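*Asks:* Need a 3D model of the following:
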Amino acid sequence: MSVWRYFLDHQHEVWPWTWTTVWLAGLPLLAGLALALPLGWLASRRRWSYAPLVSAAGVLYTIPSLVLFVVLPGVLGTGILDPINVAVALTVYTVALLVRVVADGLNSVSPQTLAAASAMGYTDRQRLFAVQLPIAVPVIGAGLRVAAVSNVSLVSVASLIGVDQLGSLFVRGSQLDTLTPIILGLVFVIALALIFDALILLGVRALTPWARSDRGAERAQSRTMRTVRRQRASIAGRAATEERNERGAEPWG
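*Replies:* This next block holds a predicted model:
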């Protein structure tokens, strides 16, 4: 059976599974970012807290996802098949990925920029929201893109404990010993990862219009410099040619 035919025959399952995968990957992304921002700010603001917070985040990310999916029902008091377990686990992973990214993004703002903001009368809070966060957006956005792709792929692991989403296609393909549902699942998972990545990239560009202006100015300056170099080379070549012609036209003594 072709992948397209399989999709047509099972789209009543595939579309609900797709929606479940979207919210299981997207909601933890937003919740994780909301939690990582204050933690990352603390790590950048209080130097003594950077190493413990980043180390703790690294340890959290090393916990196998299947272990979290199994352990969390006992911690949260939910059922083993409750998708909330998956959402909470992926929120933990998102926070673990983003804490260091947020801290490094905030730390990337130069002291001169911060001093200029303070000289203009900005309070610490105003400086954070008006200066540091906007400048750190590209760095945080890059980390968010990694977290989004990671979440989309990790959601599929939950199919091993019976949570229905696109990962169920992989389990079905393995059980039926056929590649058709597996290929269909791969196509949908990759497409969702690309969509998440594109949406975050568009959001970063919308929040950093100054970056486009800077890149445009750099390209314009680069074109101008190339034009100037070509003109200088042309003038130098013309001068050399004229000098040779003048020497050739001198009478022999």
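*Asks:* tell me the mean pLDDT for the host helix or strand of V95?
*Replies:* Using DSSP states H and E, V95 sits in helix 83-107. Averaging pLDDT along helix 83-107 yields 93.
*Asks:* next one: the following helix or strand past that helix to chain centre, how far?
*Replies:* Counting by DSSP H and E, the next helix or strand C-terminal to helix 83-107 is helix 111-119. Here helix 111-119 is found 28 Å from its chain centre; the criterion is CA atoms, centre = their mean, to the nearest Å.
*Asks:* so where do the helices sit in this structure?
*Replies:* With helices called from DSSP state H, the chain shows them at 3-45, 47-61, 65-76, 83-107, 111-119, 124-127, 133-155, 167-176, 180-207, 209-249.
*Asks:* can you list the residues that contact the fifth one?
*Replies:* Translated: helix 111-119. By CB atoms under 8 Å, 6 or more residues apart in numbering, the surrounding residues in contact with helix 111-119 are 126-127, 130-132, 135. Any C-beta I mention is one placed from the backbone N, CA and C, and that applies to glycine too.
*Asks:* What residues sit buried inside it?
*Replies:* 114, 117 (16 or more other CB atoms under 10 Å).
*Asks:* Could you do the fourth one as well?
*Replies:* Across helix 83-107, burial judged by 16+ other CB under 10 Å covers 83, 85-107.
*Asks:* How about R127, nearest residue that isn't a chain neighbour?
*Replies:* With CB to CB, 6 or more residues apart in numbering as the criterion, R127 has its nearest non-adjacent residue at 4.6 Å, and that residue is A117.
*Asks:* Give me the pLDDT value at the residue nearest to the spatial centre of the chain.
*Replies:* In the chain, the residue lying closest to the centroid (CA atoms, centre = their mean) is R145, at 1.8 Å. pLDDT, the model's per-residue confidence, is 93 for R145.
*Asks:* try M225
*Replies:* Here, the pLDDT recorded for M225 equals 54.
*Asks:* Go through the helices of the chain and pick out the most buried.
*Replies:* Mean neighbours per residue, mean count of other CB atoms under 10 Å, is largest over the helices of the chain for helix 83-107, with a mean of 23.
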